[in-house]
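# Quick one, what's the 3D model for this:
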Amino acid sequence: MSTRIAFLKGHGTENDFVIVPDPENALDLSPAAVAALCDRRAGIGADGLLHVVRSEAHPEGRAMADEAEWFMDYRNGDGSIAEMCGNGVRVFARYLQRAGHVAEGDLAVATRGGVKTVHIAKDGDVTVGMGKALLPEGDVTVSVGERSWPARNVNMGNPHAVAFVDDLAHAGDLLAPPPVSPASAYPDGVNVEFVVDRGPRHVALRVHERGAGETRSCGTGACAVAVATARRDGVDPSVTGTPATYTVDVPGGTLVITERPDGGIEMTGPAVIVAEGEIEAEWLENALR
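All right, here's what the predicted structure looks like:
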């Protein structure tokens, strides 16, 4: 391991990430190392880690190398692996632009949830083609204390349970994962969104992210919420032939989600690089003892 390891810190609507550039996949970022880096008191602090690797250099990205040069090896703040992170993709793209690997315009990013199309606009916002939502059948229920609500099961490459509530405070402190039943609906855990209406095609959410706890934003969660809200409203672009756009307020800002008639979902929002520096390898080694 080198004496120092380069890193950056960034966020998308305050969903924040440690970014570790490692084009040739030379670093062994164990779950314990990721958790140490994401620790908000003893480490750098983040909801998750973006490991930036060339697709051809990563076993899980190699099959996508012809479509996307870069693979987003995303990890949750507890070190666990996740399929996708919508805010993370925007920040990942912003890093690639900052590093001179890409310019404004279109690019493709490989993820465990497939190849995502990205557009970096001149105004600074980043739009991500998030793919299509899957709506598994079956009733799902979310509970907090003595309250429970029916929830919509939405999969955006990662699993979500979307519950509509009267007040976001009903979500409680979200320190622990809200119970979801049946557990068999989500064998690998689930992201849970609590949603209230703010106006026509305008909602707000709070989210408990699998492996991270409550976060200030969740890109895939905002997409799941937009789709669930559209269906609740009787809106289905595949039927009407007209795109449906929803504004989704998250605690850290606002995302704009558009579902197109072909089922493709686009998410637009900010992506910010806050700082860059070097991780002391000695600190990391001590943190892992």
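# same for the one helix or strand R198 maps to, what does it pack against?
Here R198 sits within strand 191-199, counting by DSSP states H and E. Other helices and strands packing on strand 191-199, by 3 or more C-beta pairs under 8 Å, 6 or more residues apart in numbering; DSSP states H and E, are strand 159-164, strand 202-209, helix 219-232. Backbone N, C-alpha and C define where each C-beta goes, glycine included.
# any idea of the mean pLDDT in that strand?
Mean pLDDT, strand 191-199: 98.
# In its sheet, which strands sit next to that strand, and in what direction?
Sheet pairing for strand 191-199, assigned by DSSP bridges, gives strand 159-164 (parallel), strand 202-209 (antiparallel).
# Buried deepest among those, which one?
strand 159-164 (a mean of 25; mean count of other C-beta atoms under 10 Å).
# Pull out the CA atoms of it and give them to me as CSV.
Extracted in CSV, the C-alpha atoms of strand 159-164 (Å, rounded to 0.1, in the frame of the first residue of the first chain):
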residue,chain,number,x,y,z
PRO,A,159,-35.1,-2.6,-3.6
HIS,A,160,-37.4,0.1,-2.2
ALA,A,161,-40.6,0.1,-0.1
VAL,A,162,-42.5,3.4,-0.6
ALA,A,163,-45.1,4.3,2.1
PHE,A,164,-47.4,7.4,1.9
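# Let's have the helices and strands packed on strand 191-199 in TSV, adding distance to E282 and mean pLDDT.
What follows is these, written out as TSV (distance: least, C-beta to C-beta, whole Å; pLDDT from 0 to 100):
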stretch	distance to E282	mean pLDDT
strand 159-164	39	97
strand 202-209	31	97
helix 219-232	35	97
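# May I see those organised as CSV, with distance to A183 added?
Shown next, in CSV, are the helices and strands packed on strand 191-199 (distance: least, C-beta to C-beta, whole Å):
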stretch, distance to A183
strand 159-164, 11
strand 202-209, 15
helix 219-232, 19
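# Relative to I265, which of the ones you listed is closest?
Closest approach to I265 among the helices and strands packed on strand 191-199 (C-beta to C-beta): helix 219-232, 5.1 Å.
# Could you list the buried residues of that closest one?
Across helix 219-232, burial judged by 16 or more other C-beta atoms under 10 Å covers 219-231.
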